[in-house]
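1. kindly generate the corresponding structure for this input.
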Amino acid sequence: MILDNDTVDEETALLSGSEEQRGPNPLPKAQIGIVLLLQLCELVVGRSISPYINQLIGGLDITGGDERKVGYYAGLIQSLFFVTEAITIMQWSRLSDRVGRKPVLLFGLVGISLSTLLFGLSRTFWALVVSRCLCGLLNGNIGVVKSAIGDLTDRSNRAQAVSFVSMISSTGSIVGPLIGGSFSRPHEHFPVVFAGQFWIDYPYFLPCAIIVSFVGFAFTIAFFFLKETAPIHRKCTPSHVPSNEGPVALRELLVFPVLISVSNYVVIAFLEIMLDALLPLFFTMSIEIGGLGFNPPAIGYIMSVYGLGNGIFQMLFFPRIVRRFGTRSIFITGVVGFIPIYLLFAVANAVAQRFGVNAAVWSIVALMMSLMVFMELANGCIYMYVMASSPNEHSLGATNGLAQTSVSLTRVFGPTISTSLFALSAERNLLGGYAVYVVLVMISSLAIPLAMRLPEELWVEKNGNETEDSH
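-> So this is what the prediction gives:
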């Protein structure tokens with residue numbers, strides 16, 4: 001493996017027969033860093049449009065000047081992205097098992113760049129739809145990146161790598177919106193530099209161009225320095241003799257370790273995407289209809305502090321907490337954590353209705369965000385279960401592809417469910433407007449028995465052999 005002093009052979013990070021060692025194997029930091037850079041590209045592209053997508057659609061003829069329709073069309077664009085991603089991500093992941101991670105990752109970066117440029121040059125709603133669908137179709141990196149992380153780690157050091165993944169996710173959540181919000185409509189914000197007619201006709205091209213430049217930089221780094229990690233392309237070493245097995249057929253993935261891991265991954269992703277959609281709506285809506293009535297700068301400040309704090313917490317404490325309490329215990333606790341989070345929505349609004357937005361309300365919000373940080377630990381835990389459940393090392397891409405395909409489908413429906421429940425509860429005053437939280441608590445409770453089906457220890461990963469089922 002590669003350390004900072006380059007004294008350890010990097011390819012030993014690809015071995016998985018190190019469970020008996022006392023401490024974690026050193027991570028191949030250079031290669032992990034490149035893979036995380038590619039993940040950051042994916043996240044920045046996806047998050048960068050959030051500050052201006054509603055304004056962009058509002059300026060198109062598709063809404064007929066009715067601002068109430070903006071949310072519908074914005075949601076449709078995002079949903080179509082996840083639909084197209086779900087259609088192809090499994091195929092990209094399986095392809096990476098056969099031709100290698102590197103070529104698939106590089107092609108994904110090209111797909112990101114082309115679709116992002118097209119998005120910035122779109123002047124009609126259907127051009128926006130085509131660009132986002134192309135982004136979903138041509139880019140399967142979200143699954144392949146996780147497979148590469150699995151290739152580069154083993155059971156002894158995977159928790160440390162996962163903590164870096166969480167940090168990158170938080171970084172993308174901050175950097176993406178910052179680029180999109182700061183550089184959209186540059187002819188208004190920087191009229192001296194961007195005074196040409198082009199910037200008036202294409203007011204959202206600049207943030208897209210900046211992001212494509214960053215993706216181009218990442219492509220160059222990966223092209224020259226990223227080593228192939230897929231088992232089928234690795235060199236044989238005395239301590240790693242590749243088996244004759246290759247990637248398994250799709251039907252052979254449908255075994256208990258994979259199914260129970262992917263099922264739990266889908267459930268927690270479903271709960272989280274509903275929470276992510278509900279939170280900004282709750283912060284924005286007036287106190288009278290069930291929200292807190294925060295203004296956009298306050299919401300941005302809250303989410304930025306949460307993103308930064310979450311990333312730092314995951315990076316510093318995730319490996320230690322998992323080693324101390326166990327992967328299964330932390331995952332179950334994270335799932336249970338959704339219940340008090342949803343209940344605190346109702347408590348915060350009830351306090352605000354009676355006393356206004358005072359110190360007590362801000363304390364409740366701080367408690368909610370703190371619980372969300374701890375809940376995020378569950379994502380890293382289930383990620384480790386999914387990787388360990390692969391039937392063999394040659395099928396890690398297919399296993400991650402199955403997981404990401406399933407999760408993408410939940411992202412199509414989750415936001416609509418939670419926001420619609422909020423609107424219905426407020427409109428009809430169901431349970432005082434709090435029926436949405438009762439329903440979400442019930443859904444969260446149903447996830448607990450499924451989480452408890454996970455084994456106490458991760459399944460044993462064997463190079464080229466069947467994953468040991470410990471249920």
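2. where does this protein have low pLDDT?
-> Along the chain, the model assigns pLDDT under 70 to residues 1-22, 66-69, 71, 232-247, 296-297, 460-471.
3. which element is the residue nearest in space to the middle of it on?
-> The C-alpha lying nearest the average C-alpha coordinate of the chain belongs to Ser169 (Cα atoms, centre = their mean; 6.6 Å). Applying DSSP states H and E as the criterion places Ser169 in helix 158-183.
4. right, and the helix or strand after that helix?
-> Next helix or strand after helix 158-183 toward the C-terminus (DSSP H and E): helix 186-189.
5. ok now that next one, how far from the chain's centre?
-> Using Cα atoms, centre = their mean, to the nearest Å, we find the averaged C-alpha position of helix 186-189 to lie 31 Å away from the chain's own average C-alpha position.
6. ok, stretch 446-460 next?
-> For stretch 446-460, the separation from the chain centroid amounts to 21 Å (computed by Cα atoms, centre = their mean).
7. buried residues, it. List them.
-> By neighbour count on 16 or more other Cβ atoms under 10 Å, the buried set for stretch 446-460 is Ala447, Leu450, Ala451, Leu454, Pro455, Leu458, Trp459. Backbone N, C-alpha and C define where each C-beta goes, glycine included.
8. do stretch 77-94 as well
-> Within stretch 77-94, the residues that count as buried by 16+ other Cβ under 10 Å are 77-82, 84-86, 88-90, 92-94.
9. now, those residues that are in strands?
-> Filtering the buried residues of stretch 77-94 for membership in strands, criterion DSSP state E, returns an empty set.
10. which other helices and strands does the lengthiest helix in the chain contact?
-> Taking residue count as the measure and DSSP state H as the definition, the longest helix of the chain comes out as helix 396-428. Helix 396-428 is packed against helix 70-99, helix 141-152, helix 256-284, helix 377-388, helix 435-451, with contacts defined by 3 or more Cβ pairs under 8 Å, 6 or more residues apart in numbering; DSSP states H and E.
11. and the angle for that helix with helix 70-99?
-> Taking axes from the mean of the first three to the mean of the last three Cα atoms, to 10 degrees, one finds that helix 396-428 is oriented at 170 degrees with respect to helix 70-99.
12. now helix 396-428, how far from the centre of its chain.
-> Centre-to-centre, helix 396-428 and its host chain are 13 Å apart (Cα atoms, centre = their mean).
13. over to stretch 210-230?
-> Going by Cα atoms, centre = their mean, the spacing between the C-alpha centre of stretch 210-230 and its chain's C-alpha centre is 20 Å.
14. go on, stretch 56-67?
-> Relative to the mean C-alpha coordinate of its chain, stretch 56-67 is positioned 29 Å out (Cα atoms, centre = their mean).
15. and if you look at stretch 131-148?
-> On the basis of Cα atoms, centre = their mean, stretch 131-148 sits 12 Å off its chain's mean C-alpha point.
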